[in-house]
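> Prediction below, plus the sequence it came from.
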Amino acid sequence: MRTSLLMAGLLWAAGAQAALRWPSEMTKVFTAQAPAANDDDDEDDAKPAPNKPATPSDAPKKGDAVVTAPAPAATGSSADAQKLVSGAPLYNPNVAVHIVEAKQFSDSKQREVVIYPATVQVNGKFTQHAGSAMAVLWHLHENFALKAWGQYNWYASESSFNEELVKKLRASATPATSLLWTWGALGGVEVTPLYGKFAWYENTLAHFSFVISGGAGAGATRLQLLPADPANGVAARFGQTAPRFLGSLGAGFRLQLGERFAIRLEVTDVVYTARVDRVNGCDGASLKAMNETTKPLNTLADRLNPGCQYQAFQDPDTGNSLVTELNIAKKFVEEGSSDVLNNVGFYAGFSVIF
């Protein structure tokens with residue numbers, strides 16, 4: 001009995017001592033793990049974090065305070081890789097992004113000089129033309145410009161198809177249909193309904209625009225009277241006709257590289273009326289008089305119409321009349337043919353903007 005009472009006393013003393021120590025030691029643990037302010041749900045705080053079950057090694061030991069270590073700082077390269085610029089990961093080495101932005105170079109109030117070293121007719125059935133052209137533009141607004149341009153066709157001749165008709169079938173296109181355009185000057189406007197940009201060798205952006213132009217003016221025309229004879233060293237002979245009204249309508253692309261230079265590729269249709277009523281300024285009556293006389297043509301000056309260039313029908317060496325050419329010119333005028341011609345040409349050139 002005495003032994004039992006002694007054991008009960010020792011157990012009671014041990015329990016009291018543990019009860020005295022428990023508040024201070026456990027306070028250390030729960031102070032380090034204190035929940036956020038105004039959080040009264042102790043049971044939820046005591047639960048382990050999701051997907052990270054508590055283990056005996058993770059549990060706080062007696063007498064140790066629980067300290068939460070801060071997350072490691074991101075390195076400079078990884079931070080840049082995660083950074084977004086205008087919503088795009090530009091700093092990511094595995095991503096190449098071109099951001100849509102405003103046009104880099106404005107055309108408003110700019111002047112542009114365009115040189116077309118080569119212009120080639122692409123619809124030459126009865127005629128063939130090749131030449132050079134130059135244009136000057138004043139951009140009043142971003143999408144609208146005034147345009148003045150001129151063209152000289154250093155090659156203007158009947159097509160090989162028409163010459164083959166003459167040699168083999170003794171037939172040819174009507175004089176008006178085969179009328180040749182030698183030069184012209186036009187004025188008009190140019191509009192830019194569409195423009196954009198694309199990547200040029202990955203690191204450069206090229207600006208392009210779709211342009212439409214139109215204009216009107218005047219130009220000179222001529223007729224081929226005799227074809228060339230290379231075997232005998234004889235060049236083709238032509239007769240000048242009256243200046244004609246010209247109209248133009250074109251479209252193409254303008255590729256701007258940098259602030260000052262651009263490349264242009266365009267297709268332009270030049271329309272002109274064709275009516276053969278005079279050759280070298282001489283009408284039908286004058287051509288008939290010159291064709292019937294055996295005297296030098298200068299003796300007929302008072303019988304010819306004003307503006308008739310009779311010298312064009314004279315041999316410069318002998319002064320004799322060129323009967324063959326006179327007959328052909330007279331025949332062309334007597335036919336009185338007329339037509340509306342479309343000279344569709346491809347224009348390739350470059351321009352300087354300032």
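Alright, I've got the coordinates. Residues are numbered from 1 along each chain as shown.
> So which residues of the stretch 201-350 of the chain form strands?
Applying DSSP state E, counting those that start in this stretch to the stretch 201-350 of the chain gives strands spanning 204-226, 237-257, 261-275, 338-353.
> would you list those in TSV and tack on distance to residue 178 and mean neighbour count?
Any C-beta I mention is one placed from the backbone N, CA and C, and that applies to glycine too. Shown next, in TSV, are the strands of the stretch 201-350 of the chain (distance: least, C-beta to C-beta, whole Å; neighbours: other C-beta atoms under 10 Å):
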stretch	distance to residue 178	mean neighbour count
strand 204-226	7	18
strand 237-257	11	18
strand 261-275	9	18
strand 338-353	9	17
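> To residue 130, which of those strands lies closest?
strand 338-353 (8.7 Å; C-beta to C-beta).
> For residue 309, find the nearest of the strands of the stretch 201-350 of the chain.
strand 237-257 (7.6 Å).
> Which of the strands of the stretch 201-350 of the chain sits closest to residue 306?
Across those, closest to residue 306 is strand 237-257 (C-beta to C-beta), at 13.4 Å.
> so what strands line up beside that closest one?
According to DSSP bridges, strand 237-257 forms sheet pairs with strand 204-226 (antiparallel), strand 261-275 (antiparallel).
> what's the angle from it to strand 338-353?
Per axes from the mean of the first three to the mean of the last three C-alpha atoms, to 10 degrees, the angle that strand 237-257 makes with strand 338-353 is 40 degrees.
> what about strand 237-257, average pLDDT?
Computed over strand 237-257, the mean pLDDT rounds to 93.
> List every C-alpha atom in it, with coordinates, as PDB.
Coordinates of each C-alpha in strand 237-257 appear next as PDB, following Å, rounded to 0.1, in the frame of the first residue of the first chain:
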ATOM      1  CA  ARG A 237      12.300  54.500-142.800                       C
ATOM      2  CA  PHE A 238       9.600  56.300-140.800                       C
ATOM      3  CA  GLY A 239       7.100  59.100-141.300                       C
ATOM      4  CA  GLN A 240       6.100  61.400-138.500                       C
ATOM      5  CA  THR A 241       2.400  61.800-137.700                       C
ATOM      6  CA  ALA A 242       0.600  64.400-135.700                       C
ATOM      7  CA  PRO A 243       1.000  64.600-131.800                       C
ATOM      8  CA  ARG A 244      -1.600  62.600-130.000                       C
ATOM      9  CA  PHE A 245      -3.500  62.800-126.700                       C
ATOM     10  CA  LEU A 246      -2.200  60.300-124.200                       C
ATOM     11  CA  GLY A 247      -3.900  58.800-121.100                       C
ATOM     12  CA  SER A 248      -2.300  56.400-118.600                       C
ATOM     13  CA  LEU A 249      -3.400  54.000-115.900                       C
ATOM     14  CA  GLY A 250      -0.900  52.000-113.900                       C
ATOM     15  CA  ALA A 251      -0.400  49.900-110.800                       C
ATOM     16  CA  GLY A 252       2.500  48.300-109.100                       C
ATOM     17  CA  PHE A 253       4.600  47.900-106.000                       C
ATOM     18  CA  ARG A 254       7.000  50.200-104.200                       C
ATOM     19  CA  LEU A 255       9.600  48.700-101.900                       C
ATOM     20  CA  GLN A 256      11.300  51.200 -99.600                       C
ATOM     21  CA  LEU A 257      14.700  50.200 -98.200                       C
END
